[in-house]
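J.: Show me how the following folds:
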Amino acid sequence: MAEHMLDAKGLNCPLPILKAKKMLAGLEPGDVLIIEATDPGSVADFAAFCSQTGNELLESTQEGDVFKFKIKKV
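T.: The predicted structure is shown next:
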């Protein structure tokens with residue numbers, strides 16, 4: 001399992017989702033993508049994205065104004 005980082009801070013919807021989707025497409029099943037975003041809407045967006053794509057949302061946390069997501073590619 002490899003971990004990959006995506007810095008989506010400062011980007012507004014739908015860019016964090018689009019960039020995550022593009023990165024996930026290049027990953028192997030079981031790899032984890034860690035995303036950092038500042039758009040408050042990204043919390044609901046990534047939950048819906050994982051529900052729709054079948055990828056696993058391992059973690060969704062907030063540190064200050066930064067939202068952090070861990071998504072496991074299935």
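
J.: And the strands in this structure, which stretches?
T.: Taking DSSP state E as the test, the strands found in the chain are 3-8, 32-37, 56-63, 66-72.

J.: Quick check: buried residues in the last one?
T.: Of all the residues in strand 66-72, those buried under the rule 16 or more other CB atoms under 10 Å are F67, F69, K70, I71, K72. Heads up, the C-betas are built off the backbone N, CA and C, glycines and all.

J.: cool, the longest one as well?
T.: Across strand 56-63, burial judged by 16+ other CB under 10 Å covers S60.

J.: chain center to it: distance?
T.: 8 Å (CA atoms, centre = their mean, to the nearest Å).

J.: Each with direction, which strands does that strand pair with?
T.: With DSSP bridges as the test, strand 56-63 is paired with strand 66-72 (antiparallel).

J.: what's next to the partner strand, contact-wise?
T.: Residues outside strand 66-72 that contact it (CB atoms under 8 Å, 6 or more residues apart in numbering): 9, 20, 24, 30-40, 42-43, 46, 50, 55-62.

J.: Ok, stretch 16-31 next?
T.: Stretch 16-31 is contacted from outside by 1-4, 6, 8, 11, 33, 35, 37, 39, 42, 45-46, 49, 53, 55, 71-74, using CB under 8 Å, 6+ apart.

J.: Can you flag the buried ones in the residues you listed?
T.: Buried subset of the contacts of stretch 16-31 (neighbour count, 16+ other CB under 10 Å): 6, 8, 11, 33, 35, 37, 39, 42, 45-46, 49, 55, 71-73.
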